[in-house]
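Peer 1: Prediction below, plus the sequence it came from.
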Amino acid sequence: MAVGFEDYGPDCDSMRITAFLDIPGQDNLAPLARLEKYAFSDNIFNRQIIARGLLDVFRDFSQNEEDYLTVMAIVVRLSEDTEPTVRTELMEQIPPIAIFLQESRPNFSTAFSEYLMPIVVRYLTDPNNQVRKASQDSLLILLEQRLVAQHDIENKVCPILLDLSAPDSDDEYKVEAVNIICKMASMVNKSTVEHLLLPRFCELCGDGKLFQVRKVCAANFGDICNAVGQEATEKNLIPKFFELCSDSVWGMRKACAECFMAVSYTISPEVRRSKLSPLFISLISDPCRWVRQAAFQSLGPFISTFANPSSAGLYIRDDGTLSIQPSSPCLTGSTENIMSSSSKEPMENKLGPLTEGPSANCTPSSEMPNSDAQEESSAISVDFAANQTVLSQSDNTDLFATEERKDCQINSYQGMNSRLQSAEDIFSTFLYWRPPLPDISQDLELLQCKTEVHEESCPVSEVLCNNCIASSEIKKVLQSLQEHMDDPDVQAQVQVLSAALRAAHLDSVNGYEMKKNEEVNGIHKADMPHLDQDLSTIKESTLSSLPSQGEVINPSAPTITQSIDSEEKQNGTHKVLEAEGHERHEDDKEEKSKLQDIIPQPLLDQYLSMTDPARAQTVDTEIAKHCAYSLPGVALTLGRQNWHCLKDTYETLASDVQWKVRRTLAFSIHELAVILGDQLTAADLVPIFNGFLKDLDEVRIGILKHLYDFLKLLHVDKRREYLYQLQEFVVTDNSRNWRFRYELAEQLILILELYNPNDVYDYLRHIALTLCSDKVSEVRWISFRLVVAILQKFYVNCANSLGLNFINELIMRFRHCSKWVGRQAFAFICQAVVEEECMPVDQFVEHLLPSLLSLASDPVPNVRVLLAKALKQTLLEKVYFRSVGNPHLEAVEETVLVLQTDRDQDVSFFATIKPKPNSIHITALEKQN
């Protein structure tokens, strides 16, 4: 063994491993001969060293073609070594060798295909598990780096993988082969996967012998679908996916649930809705808890695959941020006025542009609070009391047909009215939120006319029956009007109905006295109490809501006079009916609010159920966190017009007892605000945001990190409400949590642009000065940058008086500070002011420069060091101070000369050293920007 071999161990990768080949006078052998000697030595360690240092060997001998081929022959012979560790070392070196040869050898592909590729393929069937693992890793690296030619993939790699994955192959080899097939699918071209690997993959998905093979197929199913494309996926893979989702082994079903989003992303929307959605519902209701857990974790991502930018009104930029879909000029022009006047005009006035004029494309539905339409690919949101209307061209046909039918209905209602209604009456606040109530006075006249005719020509029994029928019809109408008794139109119709009902009742009484027929008498008695109850109920409600109704309706004394017991019974009946009607109305409204047509309703129902406490017990204790994590994606999929489906769920998550759930929402509330728009954000997200402001620090940090992103989405008036609340971020649960205050300073630098100079001076200035006195130096240094930004804000907006007041405050607080840290901070602030050029130079030399130069006599060297840096590296590098004849140049140079002769070596060093070109003090914040 050569001298020094014992010094080369496993940790010697940083040195040249084969340096022993250059040691002169060892064996009187040439380097190549010495290499061959040790490559085939009886000592295993010698062969390991040669295999580990092959990259260095190629670097030394690749320039000469003959030496290069000799080394290749040695590698081939070394690959046949009987020791597994030597073969493993050799295989681990092949990827870096291939990368080096590709860069240095013109005929790399030929040599690689002839010498190295056969070694990689042969080691895939090596009897040693460690060698096979090394060869698999090397093959994937070579494929990822595009170092394997297409010819070698089709004729060398794929055939050996197909042999290893054959039904009669060894079980261990089969599992490894299918794993390689799945991983290399994304690294080779589509035709190779579809023609060579896809048939075998489909066959392996149904392997009944080994569940490990099926589990590997299920875990990588999404990658295969993405590699072969939509057509092959729907034709060949979806049936296999159904089989795996119904596999008897729960591990297969769990793996399918985990890759569901990747599979759904590949297929068409029709197949996704018709086939995958029911399949996913079956996984959610799986008897195995682990399968249900994985399904619920994938539910949000699966719902996000239904997203359609044209319906959501948003799109994702290349940098991953959300943005509003650009709108067409025509529609933008017709809606800008509405948006601009939304905060000034009442709702009745805002409805005018949508219904009048030739530019109105659609009429708001009088039956639904939200109407959906889209024009081209744009999405313009028009807010009516926090309810948004999205206009889209794809739904115009259906929308116009629906509106035409509604107009016909409205016209028919208008025809029955005794008076004509104007456009303002049709689209009043009351009529906008529910269907217009019909006027049935003419129908009552017809009923009375029919009653009179029948009284002349029919027997008394028929008259009584007709009266009963008329009374029952009137009662149905009265019951339908109970929910709208606060409307004057309803009250007027109730008056007419009350009179008609009493008339029918009196006719029935007269008929009963004239004809004492037993059957008719029984019917009449059964009907009488109900009629009295209805009459008294209507009377009480109308008298309470309309005091002048007594003048219009003057009922007879027997009808008005009731006993106390009868009144209590009638009042109880009225309350029961009113409660039942209100409950039904609330249930219908709640059920209706959860309906949408973007995604299958069962998926949304399952997602909304993730906040149910029972789910945490039967599925996963972290299920609420998964729901909160995927909520922005679900909201983006549904679009802002369907936010009402998620509003209750979001509020439930925001009040969850687990702080991790609230923290997740806090980190994503700014993205959700982009999705919902400013109106819905102000109505629904701002209260949640206010709650997070008072939460734990772990939750508040999510709000703080994106504070600027959220505030810039709010209206100016709403944004100003948070000026006073910003100082609450200075106080933390743990005073040692200095990163919280550091993040606050960084956010305040960005937030400055959202407020006017007066607000900055009154509110943000105090926060900045408080942070400048923090105990942690990192917080102080970033706060000094905040102070400079505030000063720049004043002078950019021509608020020179505020800037001068702030400068005087800085001089008093820092220049004349009793602690040297404050005086050092003043030097840093002045240096940063000059670097950023945040104020006019004449203002700087007048108000800040004299105080800065006076620090030359400071007793603390650290202060003088920073002064020397500020003068030498910043001030004297500016053109203004270097100009000849500058009256302030002499004072600055004199101060520098004094600092150059300072007794402290550091001070004199920084005052003497010449600044390097482009040497600017870059802070952490500047690096981030």
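Peer 2: Yes, it's here.

Peer 1: For the residue nearest to residue 273 when sequence neighbours are not counted, give its distance to residue 608.
Peer 2: Of all residues beyond its chain neighbours, the one nearest residue 273 is residue 600 (6.0 Å), with distances taken as CB to CB, 6 or more residues apart in numbering. Quick note: C-beta positions are derived from backbone N, CA and C, even for glycine. Using CB to CB, to the nearest Å, we find residue 600 at a distance of 13 Å from residue 608.

Peer 1: Would you mind telling me which of the two has more residues around it?
Peer 2: Higher neighbour count among residue 600 and residue 608: residue 600, with 20 against 17, using other CB atoms under 10 Å.

Peer 1: got the contact list for residue 896?
Peer 2: 868, 871-872, 876, 911 (CB atoms under 8 Å, 6 or more residues apart in numbering).

Peer 1: For it, what is the enclosing helix or strand?
Peer 2: Assessed by DSSP states H and E, residue 896 sits inside helix 889-900.

Peer 1: swap in residue 243?
Peer 2: helix 238-245.

Peer 1: got the CA coordinates for that helix in PDB?
Peer 2: Output in PDB follows, covering the C-alpha atoms of helix 238-245 (Å, rounded to 0.1, in the frame of the first residue of the first chain):
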ATOM      1  CA  ILE A 238     -59.100   7.000 -15.000                       C
ATOM      2  CA  PRO A 239     -60.500   3.400 -15.000                       C
ATOM      3  CA  LYS A 240     -57.400   2.200 -13.100                       C
ATOM      4  CA  PHE A 241     -57.700   5.100 -10.700                       C
ATOM      5  CA  PHE A 242     -61.300   4.000  -9.900                       C
ATOM      6  CA  GLU A 243     -60.000   0.500  -9.100                       C
ATOM      7  CA  LEU A 244     -57.300   1.800  -6.800                       C
ATOM      8  CA  CYS A 245     -59.800   4.000  -5.000                       C
END
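
Peer 1: Which element is encountered next along the chain beyond the helix holding residue 896?
Peer 2: Counting by DSSP H and E, what follows helix 889-900 is helix 905-912.

Peer 1: What residues of that next one count as buried?
Peer 2: Buried residues in helix 905-912, counted by 16 or more other CB atoms under 10 Å: 907-908, 910-911.

Peer 1: Low-confidence ranges, this structure, go.
Peer 2: 1-29, 309-471, 473, 476-477, 480-497, 499-594, 884-885, 915-929 (pLDDT under 70).

Peer 1: In JSON lines: the contacts of residue 896, plus secondary structure.
Peer 2: Output for these, formatted as JSON lines (DSSP: H, G, I helix; E, B strand; the rest coil):
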{"residue": "868", "secondary structure": "helix"}
{"residue": "871", "secondary structure": "helix"}
{"residue": "872", "secondary structure": "helix"}
{"residue": "876", "secondary structure": "helix"}
{"residue": "911", "secondary structure": "helix"}
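
Peer 1: What subset of those residues is buried?
Peer 2: Among the contacts of residue 896, the ones that count as buried by 16+ other CB under 10 Å are 868, 871-872, 911.

Peer 1: rewinding a little: quick one, whichever helix or strand comes after the helix holding residue 243 and helix 238-245 angle?
Peer 2: Note on helix 238-245: by DSSP H and E, the next helix or strand toward the C-terminus is helix 250-258. If you take axes from the mean of the first three to the mean of the last three CA atoms, to 10 degrees, helix 250-258 sits at 130 degrees to helix 238-245.

Peer 1: Identify all contacting residues around helix 250-258.
Peer 2: Helix 250-258 is contacted by residues 211, 214-215, 218-219, 221, 241, 244-247, 280, 283, 286, 288, 290-291, 294-295, 297-298 when judged by CB under 8 Å, 6+ apart.

Peer 1: Stretch 859-874 now?
Peer 2: 820, 823-824, 827-828, 830-831, 834-835, 852, 855-856, 858, 892, 895-896, 899, 902, 904, 906-907, 910-911, 913, 915, 919, 921.

Peer 1: please redo it, this time with the cut-off set to 7 Å
Peer 2: Contact with stretch 859-874 is made by 820, 823-824, 827-828, 830-831, 834-835, 855-856, 858, 892, 895-896, 899, 902, 904, 906-907, 910-911, 915, 919, as judged by CB atoms under 7 Å, 6 or more residues apart in numbering.

Peer 1: What of stretch 664-680?
Peer 2: Defining contact as CB under 7 Å, 6+ apart, one finds that stretch 664-680 is touched by 314, 322, 381, 383, 386, 388, 625, 628-629, 632, 635-636, 640, 643, 653-654, 681, 685, 688-689, 692, 699, 702-703, 705-706, 709-710, 713-715.

Peer 1: what helix or strand is residue 142 on?
Peer 2: helix 129-144.

Peer 1: Can you give me the buried ones in the helix or strand residue 718 falls within?
Peer 2: Using DSSP H and E, residue 718 sits in helix 716-720. Across helix 716-720, burial judged by 16+ other CB under 10 Å covers 719-720.

Peer 1: now stretch 218-238
Peer 2: 218-228, 232-234, 236-238.

Peer 1: just stretch 865-884 next, same as before
Peer 2: 865-875, 881.

Peer 1: looking at it, residue 292 is touching residue 284, isn't it?
Peer 2: Yes - counting by CB atoms under 7 Å, residue 292 does reach residue 284; the two are 6.2 Å apart.
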